[in-house]
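*Asks:* sequence isn't available, so here's the structure alone:
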């Protein structure tokens with residue numbers, strides 16, 4: 001077990017309350033700010049939730065179908081039936097007009113010309129390299145005897161003695177410059193020290209005192225006010241959300257009690273039996289009667305059509321006679337009278 005240390009001569013130490021730890025200023029600011037924030041935020045949250053619900057309903061019922069009808073479906077149709085065929089046609093045309101001629105030009109014109117130019121460049125480069133090596137040898141010999149040897153003689157017999165003399169003079173000048181620099185450094189250090197203490201006394205110390213005793217306490221107070229204001233607004237926003245949810249549920253229950261449940265009851269108890277009664281008593285007999293009338297009319301039309309066809313055949317036969325080319329041809333099959341039927345027990349072989 002974990003043992004907690006207790007103070008000398010007493011029981012376990014009581015936890016420090018949040019109000020005592022935060023101070024009286026925080027507690028004094030918190031309650032009024034939360035009350036004001038709650039009064040201000042609750043109507044805003046209710047209006048916001050109402051606008052959100054209305055916006056979702058408008059989006060699902062109006063804007064989304066309208067957007068699909070006005071933008072998505074036309075765009076899909078344009079892409080599928082206009083742009084894609086045009087793109088395929090343009091790709092085929094570009095392949096025929098550009099790619100195939102370019103490949104042919106590269107293979108049969110540019111490649112042989114490039115090989116010929118490369119061979120010529122290699123020959124010219126070899127000649128230039130040989131000429132360059134000769135010119136480099138001549139230049140090196142001339143540079144050695146016209147530049148290097150005279151420069152070495154000048155450095156050894158002229159510049160070196162002059163440099164030694166100038167070095168001795170330079171050491172003296174350097175010692176004088178160091179002495180002058182030390183004096184100037186001491187003067188600058190003294191002036192800098194004086195300016196430092198002057199600025200510290202006149203600027204730094206008052207600024208530190210202003211920050212420590214004025215700006216820092218004011219900033220802490222403003223931070224406390226801002227933090228409590230933000231916490232109060234967040235708390236009021238959460239409370240307003242719960243209130244808005246309760247109001248919405250109450251309105252939904254009221255609409256269900258006043259509209260949905262009565263409409264459901266009317267539909268179940270009145271409209272559904274009435275609809276079944278109308279269907280069984282009125283619509284089905286009417287449908288059967290209409291189907292019977294339709295069948296009778298179709299049979300009458302078929303009979304009239306057959307009668308008209310037979311009448312035309314009789315008129316044609318009376319006027320022009322039977323066609324000479326059409327004669328009955330025996331197929332060796334029994335006639336309709338001599339064939340076996342389902343209602344007869346005799347056949348063509350047992351018949352007298």
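*Replies:* Perfect, thanks for sending it. Fair warning: this is a prediction, and the values are worked out from it, not measured in the lab.

*Asks:* which parts of the helix or strand containing residue 317 are buried?
*Replies:* For residue 317, the host element (DSSP states H and E) is helix 284-320. Residues of helix 284-320 classed as buried by neighbour count (16 or more other CB atoms under 10 Å): none. All C-beta atoms are positioned from the backbone trio N, CA, C, and that covers glycine.

*Asks:* pull the residues that contact stretch 84-92.
*Replies:* Stretch 84-92 is contacted by no other residue when judged by CB atoms under 8 Å, 6 or more residues apart in numbering.

*Asks:* give me the mean pLDDT for it.
*Replies:* The average pLDDT for stretch 84-92 rounds to 90.

*Asks:* now the helices for this protein?
*Replies:* According to DSSP state H, the chain carries its helices in the segments 18-22, 24-58, 64-67, 73-78, 84-94, 100-105, 111-143, 149-154, 160-199, 205-210, 216-255, 261-266, 272-278, 284-320.

*Asks:* hey, least reliable of those by pLDDT?
*Replies:* Among the helices of the chain, helix 18-22 scores lowest, with a mean of 48.

*Asks:* picking up where we left off before, who does the helix holding residue 317 touch, helix- and strand-wise?
*Replies:* Here helix 284-320 is seen to pack against no other helix or strand when contacts are counted using 3 or more CB pairs under 8 Å, 6 or more residues apart in numbering; DSSP states H and E.

*Asks:* just give me how far that helix sits from the chain centre.
*Replies:* Distance, stretch centre to chain centre, for helix 284-320: 68 Å (CA atoms, centre = their mean, to the nearest Å).

*Asks:* over to stretch 214-234?
*Replies:* Here the centre of mass of C-alpha atoms in stretch 214-234, compared against the chain's by CA atoms, centre = their mean, lies 40 Å away.

*Asks:* report the buried residues of that stretch.
*Replies:* When neighbours are counted by 16+ other CB under 10 Å, the buried residues of stretch 214-234 are found to be 224, 228-229, 232-233.

*Asks:* just stretch 46-61 next, same as before
*Replies:* Going through stretch 46-61 with 16+ other CB under 10 Å, the ones that come out buried are 46, 49.

*Asks:* what of stretch 267-282?
*Replies:* Neighbour counts over stretch 267-282 (16+ other CB under 10 Å) mark no residue as buried.

*Asks:* end to end, how far does it reach?
*Replies:* This stretch, stretch 267-282, spans 20 Å end to end (CA to CA, to the nearest Å).

*Asks:* and it, how far from the chain's centre?
*Replies:* If you compare the mean C-alpha spot of stretch 267-282 with that of the full chain, they lie 52 Å apart, counting by CA atoms, centre = their mean.

*Asks:* just the residues contacting that stretch, thanks.
*Replies:* Counting by CB under 8 Å, 6+ apart, no residue outside stretch 267-282 touches it.

*Asks:* check stretch 40-54 too.
*Replies:* By CB under 8 Å, 6+ apart, the list of residues contacting stretch 40-54 from outside reads 233, 236-237, 239-241, 243-245, 247-248.

*Asks:* now a ChimeraX select for only the buried ones of those.
*Replies:* For selection in ChimeraX, the members of those meeting the burial criterion (16+ other CB under 10 Å) are listed in this command:
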select :233,236,237,239,240,241,244
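
*Asks:* and the contacts of stretch 40-54 as JSON lines, adding distance to residue 200?
*Replies:* As requested, these are arranged in JSON lines below (distance: CB to CB, whole Å):
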{"residue": "233", "distance to residue 200": "45"}
{"residue": "236", "distance to residue 200": "50"}
{"residue": "237", "distance to residue 200": "50"}
{"residue": "239", "distance to residue 200": "54"}
{"residue": "240", "distance to residue 200": "55"}
{"residue": "241", "distance to residue 200": "56"}
{"residue": "243", "distance to residue 200": "60"}
{"residue": "244", "distance to residue 200": "60"}
{"residue": "245", "distance to residue 200": "62"}
{"residue": "247", "distance to residue 200": "65"}
{"residue": "248", "distance to residue 200": "66"}
